[in-house]
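Novice: What would the 3D arrangement of this be:
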Amino acid sequence: MSDTLKLPAETRERAGKGASRDLRRNGRVPAVVYGGKEDPLAIHVELKELKRLMGTGHFFNSIIEVKVGGKTYRTQPKDVAVHPVSDTPLHVDFLRIAKGATVHVNVPVVFENEELAPGLKRGGVLNVVRHDLELVCAAEKIPQEIVIDVTGFDIGESIHFSHVKLPDGVESAITDRDFTIATIATPTDVPSEEDEAAEAAEAEAE
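Specialist: Okay, the predicted model is just below:
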């Protein structure tokens, strides 16, 4: 299960682009907490601490406890706007999460037992089509990662969602097909960057 991360914050006294620029110049990032049938709460967080949490690798599939003054909000990160050149976070949206609420999350996949896949032992390459899975679960049961066993897979074979064992209480958000997660390709079948971009666009369109 994914960890609960904690993020101190302060309320924003002023709104607008000028106020946001002032915050960023002082190492802060404007943000908002919304949802939960409450009014949006304008806040700002420390850039250094935000980047540390984002560097954990499971920021978007974790519950973030945002502490403002003496109150703590259980939230899920929904969007981080970043600078187009430096990738520095510019603004963050946090969605309030009620206790027992169901959430949609994208959870990364990890492959294990590659040494037991005949296709990989014979020089094949693991071609990952989906690097994460869109899942539905209770906020308290968000997996940190989904482990996929590639034991026995040979060149030319595909790993579909039906091969995945999900934790109890976790379901796929995609229910109308048994989609491909990865394939065992020969070295000559390894896609170019253009092919990978096309596959990614197709996955997003789905």
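Novice: From residue 183, how far out is residue 126?
Specialist: 8 Å (Cβ to Cβ, to the nearest Å). In short, each C-beta sits where N, CA and C put it, glycine included.
Novice: who has more neighbours, the two?
Specialist: residue 183 (21 against 17; other Cβ atoms under 10 Å).
Novice: looking at this structure, which helix or strand is least sure?
Specialist: helix 193-205 (a mean of 59; mean pLDDT, DSSP states H and E).
Novice: Could you give the secondary structure assignment for the residue nearest to the spatial centre of the chain?
Specialist: Centre of the chain computed as the mean C-alpha position; nearest residue by Cα atoms, centre = their mean is residue 60, 4.1 Å away. Assigned with DSSP: H, G, I helix; E, B strand; the rest coil, residue 60 falls in the coil class.
Novice: Please give me every residue in contact with it.
Specialist: Counting by Cβ atoms under 8 Å, 6 or more residues apart in numbering, residue 60 touches 77, 105, 106.
Novice: do residue 91 as well
Specialist: If a contact means Cβ under 8 Å, 6+ apart, then residue 91 has 20, 29, 30, 31, 32, 80, 81 as its contacts.
Novice: phi, psi of the second one?
Specialist: According to degrees, to the nearest 10, the main-chain angles of residue 29 amount to phi -120, psi 120.
Novice: what bridges to it?
Specialist: Beta-bridge partners recorded for residue 29 (DSSP bridges): residue 45.
Novice: Make sure it is actually in contact with residue 48.
Specialist: No - using Cβ atoms under 8 Å, residue 29 makes no contact with residue 48, being 9.8 Å away.
Novice: Of the two, give the one with the bigger neighbour count.
Specialist: residue 29 (24 against 10).
Novice: dump the residue contacts of residue 156.
Specialist: 119, 183, 184, 185, 186.
Novice: What count of nearby residues applies to the last one?
Specialist: As a burial measure, the neighbour count of residue 186 was computed by other Cβ under 10 Å and equals 14.
Novice: If I look at it, what pLDDT would I see?
Specialist: As predicted, residue 186 sits at a pLDDT of 87.
Novice: so it makes contact with residue 126?
Specialist: No - look at residue 186 against residue 126 with Cβ under 8 Å: they stay out of range, at 11.8 Å.
Novice: Convert the C-alpha atoms of the stretch of helix or strand residue 48 belongs to to CSV, please.
Specialist: Using DSSP states H and E, residue 48 sits in helix 47-54. Taking Å, rounded to 0.1, in the frame of the first residue of the first chain, the C-alpha atoms of helix 47-54 are listed here in CSV:
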residue,chain,number,x,y,z
LEU,A,47,9.1,24.3,-3.4
LYS,A,48,11.9,22.2,-1.9
GLU,A,49,9.5,20.0,0.1
LEU,A,50,7.1,19.6,-2.8
LYS,A,51,10.0,18.5,-5.1
ARG,A,52,11.1,16.0,-2.4
LEU,A,53,7.7,14.4,-2.3
MET,A,54,7.4,14.3,-6.1
